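Novice: From the sequence below, what's the structure:
(2 chains, ligands or ions: 2)
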Amino acid sequence: MEDRKAYLKKEREQEWRVELRGKMKNRERTELDRVVMSEQDPGVRNRNFTEVNRGLTAEQAITEASRCLDCVNPTCITGCPVEINIPKFIKKIEAGEFMEAAKVLKETNTLPAVCGRVCPQEVQCEQACFYTQKLKKPAVAIGYLERFAADYEQQSGKISVPEILSRKGRRVASIGSGPAGLAFAGDMAKMGYDVTVFEALHEIGGVLKYGIPEFRLPNKIVDVEIDILKKMGVKFVTNFVVGKTATMKDLKQEGFEAFLVGSGAGLPNFMHIPGENYIGIYSSNEYLTRVNLMHAADPDYDTPMISGKKVAVIGGGNTAMDSVRTSKRLGADRSMIIYRRSIEEMPARVEEIKHAREEGIEFLNLHNPVEYFADDRGRVNRMRVQKMELGAPDASGRRRPIPIEGSEYEIDVDMVVVSVGVSPNPLIPGSMKQLDVTKWGTIHVDPDTMQTSIPEMFAGGDIVRGGATVILAMGDGRKAATAMDHYLNGN
Amino acid sequence: MILSFPACFHYFSCKIGDFGIIDSRTCMNKIVAKTYFSESVVKLVVDAPRIAKSRRAGHFVIVRTGEKGERIPLTIADADMDQGTITLVIQKVGVTSARLCSLEAGDFITDVVGPLGKPTHIGKVGTVLASGGGVGVAPLLPIVEAFKKAGNKLITVLAARTKELIILEDQMRRHSDEVIIMTDDGSYGKKGLVTQGMEEVIAREKIDLAVTVGPAIMMKYASLLTGKYNIPTVASLNTLMMDGTGMCGACRVTVDGKTQFVCVDGPEFDAHKVDFDEMLLRLDAYKSAETEAYEKYLESHIKA
Ligand SMILES: Cc1cc2nc3c(=O)[nH]c(=O)nc-3n(C[C@H](O)[C@H](O)[C@H](O)COP(=O)(O)OP(=O)(O)OC[C@H]3O[C@@H](n4cnc5c(N)ncnc54)[C@H](O)[C@@H]3O)c2cc1C
Ligand code: FES
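Specialist: Ligands and ions are numbered 1, 2, ... in the order given. This is a model prediction of the structure:
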């Protein structure tokens, strides 16, 4: 910790940064307004799948970067789960050295182009920014700047492939190709391990591919990162369910010495209310996978789907926002969020909620579904909802929603997406009796090393945390890589 | 140790244990043999050494043909560990199955993943009454084989609309003590429904366990019948699926009042607890009103 502080201090004292700080008075810096991200027009974008945010221009980025005061005590870093050296990369942008800025990001973040788009910055780095904390002004747009630098590098065509230490000829595997697995693979490959990533689906990327839609995270952004891993020698095996296609024991016999389980929180939750299995009621995983992975909305593809005109999405997380905004884009006349608490309690990123509202999504907050009804062919056509009010805070610190007696009424719907959370995928825990799991079904790990009760097995991401975030999954993957390297070297 | 599977070696000069040659599709999923059981039922022997090695009776795979194809579940009808192959039996019913049936030996199936689901719980119970309808006979075969191997007496009832749709009869005979054939039109075996064949056996001797695999409507009536006689019954459900790993819930059914995912909790369940009516509705989720009407007509024909 002290080392890190001293290091950051030394970095801050480098000549170029001192010089840059002197270029402009802090007062002038704080008088600049936070940059506004250019976006597709809401009335246009809610009919297409092109990315909503268009990114910053170089000029915008430099101006925004000059808002950063390069604080003596950069609290923003403590707000970042992977402790990116935020002032350094921002100052590189201010200096116009965009490639260098990207390099700084990559010191600790394997997927900056992804994180710049999907991290909840408002509760992480930007929340801890001096502007938010002390000046009560909008934070430096750290997320936008991260995306800017990472995109610049991706578009330059000069994206660097990290150097590989001498090859060790030792095999390790990741189970799952989501952010936890990808980050782990990158670090292990750098250290010279022979890494194989096993993926159950036919595509690499986990939730980044099958969950988060194109209008928020284009697949090609993820593919660039995967290509780099391939260039580093990481092998990807799709259509391979570890625990089914082969067991961990089989893989050990084939020479794999250690494993990272990054199998995600696969299992969708339902509410178990009457009528929930009627046709047209999807889990958000099913709905988003049909659209994103199977391209069901494209008539050229075989996978079918119901395209609802009156759509209700149950829940208030990112997954719910992605589902409801997808339904609008696929031609729904009415797309509604039905959420049992108020907008303040919504776990979705603030930007997603804002975008959803602009796109004409209706919010039925303090509402809860109680029953679904269907026509004689079993297709959902109505739902019954109940109004709620907020009571005293519960264990999560959020105010508990309480049903209001006699407030029930019915809404016409022809498609419903249930997005009320996921549970850990039981496939791996179920196939290994010796593995220590919590009562929620997540894998138990040592938080410092991500090591499980089976010494050669490490775990990270949603399978450890339940539903979490991309950046946390990635951080876990990196932590596990370091610890696995120690473990394999007998430390 | 690196395992090498001769079949894979032979055909594609790549070792299965060697992940150096990576895209797993390039050295697997090749169709090594194709046989027609009837005009609309095809047997494919597919090179899939990993799956061949790991699979047990009751397991299935998810298959996708072409980059624009959909993912569909198919039960593994048989496997040959030495050759590294699995056998799939496919009935032409829709776009995907038709496309699969049109593949020839030497072609590749884009994606094959498995083995998925829980294997059949095999034990020595006494006399097992197995019933299979239409293409459901294919997944029934490994189950019959496994129960026979476990020392049970096997009586198997095979049913189809007409003679040419009766498949795998010889293989079934090999693993059964008795095989009864039922056709709707009486063109082969006895004329009548699967349930009539079953009821005859039940009337005649004590049955300890019934296993039924086939169209949902057939399993529903088979289950109603055995319920009447209090015979424990297992049904292997063939719901719609997508990922096959418990991730989406497309395959959900109600069993004993609770929602279950067929791909991970099944595919086999206590038939008497399955809500077949709900399952029947869900199976038709993507059928146009027209095909639905046609199927309704067929259903009424089965019930009659
Ligand atoms: C729609 C949606 C929107 C989201 N939006 C955001 C957001 O804006 N910001 C944010 O930070 N987070 C977001 N999240 C959460 C974030 O995506 C997850 O926390 C993160 O992806 C978890 O990463 P992971 O590596 O643990 O697992 P996953 O990304 O879930 O990947 C796990 C992979 O492992 C595979 N797998 C599972 N079992 C096996 C097995 N036995 N063998 C082989 N492979 C296996 C799975 O098929 C899957 O591909 C969102 C999630 C969803 C669903
Ligand atoms: S097929 Fe997706 S959960 Fe069963």
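Novice: now the helices for the stretch 201-304 of chain B?
Specialist: B:216-228, B:262-265, B:276-283, B:289-303 (DSSP state H, counting those that start in this stretch).
Novice: how about the first one as CSV, C-alpha atoms only?
Specialist: This file holds the C-alpha atoms of helix B:216-228, laid out as CSV (Å, rounded to 0.1, in the frame of the first residue of the first chain):
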residue,chain,number,x,y,z
ALA,B,216,-45.4,-34.9,-25.4
ILE,B,217,-49.0,-35.9,-26.2
MET,B,218,-48.0,-39.5,-26.2
MET,B,219,-46.1,-39.3,-22.9
LYS,B,220,-49.1,-37.5,-21.4
TYR,B,221,-51.4,-40.4,-22.2
ALA,B,222,-48.8,-43.0,-21.3
SER,B,223,-48.4,-41.3,-18.0
LEU,B,224,-52.2,-41.1,-17.3
LEU,B,225,-52.4,-44.8,-18.0
THR,B,226,-49.6,-45.9,-15.7
GLY,B,227,-50.9,-43.5,-13.1
LYS,B,228,-54.1,-45.4,-13.1
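Novice: residue contacts, A:Phe97?
Specialist: Actually, residue A:97 is Glu. It isn't Phe. By CB atoms under 8 Å, 6 or more residues apart in numbering or on different chains, no residues touch A:Glu97. Any C-beta I mention is one placed from the backbone N, CA and C, and that applies to glycine too.
Novice: and the longest strand along chain A, anywhere near chain B?
Specialist: Criterion DSSP state E: the longest strand present in chain A is strand A:380-393. No: between strand A:380-393 and chain B, judged by CB under 8 Å from any CB of the partner chain, nothing touches; the nearest distance is 10.8 Å.
Novice: re earlier: mean pLDDT for the helices of the stretch 201-304 of chain B: which is lowest?
Specialist: Among the helices of the stretch 201-304 of chain B, helix B:289-303 carries the lowest mean pLDDT, a mean of 55.
Novice: who touches the longest strand of chain A?
Specialist: A:275, A:278-281, A:312, A:338, A:340-342, A:364, A:366-375, A:399-404, A:407-416.
Novice: got the buried residues for that strand?
Specialist: Buried residues in strand A:380-393, counted by 16 or more other CB atoms under 10 Å in any protein chain shown: A:Val380, A:Arg382, A:Met383, A:Arg384, A:Val385, A:Gln386, A:Lys387, A:Met388, A:Leu390.
Novice: The fourth one pairs with what?
Specialist: Here A:Arg384 shows beta-bridge partners A:Glu371, A:Glu410, assigned using DSSP bridges.
Novice: Report the separation between it and A:Pro393.
Specialist: Computed as CB to CB, to the nearest Å, the A:Arg384 to A:Pro393 distance reads 28 Å.
Novice: Does the residue of the stretch 251-400 of chain A found nearest ligand 1 belong to a helix, a strand or coil?
Specialist: Distance from ligand 1 to each residue of the stretch 251-400 of chain A (CB to the nearest ligand atom) is smallest for A:Gly264, at 2.3 Å. Assigned with DSSP: H, G, I helix; E, B strand; the rest coil, A:Gly264 falls in the coil class.
Novice: In the stretch 151-300 of chain B, where is pLDDT below threshold?
Specialist: Scanning the stretch 151-300 of chain B for pLDDT under 70 picks out B:288-300.
Novice: For A:Arg29, pull up the helix or strand it's in.
Specialist: If you go by DSSP states H and E, A:Arg29 is part of helix A:26-31.
Novice: counting contacts, what elements does that helix pack onto?
Specialist: helix A:58-67 (3 or more CB pairs under 8 Å, 6 or more residues apart in numbering or on different chains; DSSP states H and E).
Novice: Could you check how far the residue of the stretch 151-300 of chain B found nearest chain A is from A:Ile273?
Specialist: Distances between the stretch 151-300 of chain B and chain A by CB to the nearest CB are smallest at B:Leu281, namely 3.3 Å. Separation of B:Leu281 from A:Ile273 (CB to CB): 18 Å.
Novice: Between the two, which has more neighbouring residues?
Specialist: Set B:Leu281 next to A:Ile273 and count neighbours by other CB atoms under 10 Å in any protein chain shown: B:Leu281 wins out with 19 against 15.
Novice: what's the closest non-adjacent residue to that one?
Specialist: A:Gly378 (3.3 Å; CB to CB, 6 or more residues apart in numbering or on different chains).
Novice: Make sure that neighbour is actually in contact with B:Met279.
Specialist: No: in this structure, A:Gly378 is not within contact of B:Met279 by CB atoms under 8 Å, at 10.3 Å.
Novice: Name the residue in these two with the higher neighbour count.
Specialist: Applying other CB under 10 Å to A:Gly378 and B:Met279 shows that B:Met279 carries more neighbours, namely 25 against 19.
Novice: And B:Gln83, how far from A:Gln253?
Specialist: Taking CB to CB, one finds B:Gln83 at 21 Å from A:Gln253.
Novice: ditto for B:Thr120
Specialist: In terms of CB to CB, B:Thr120 sits 26 Å off from A:Gln253.
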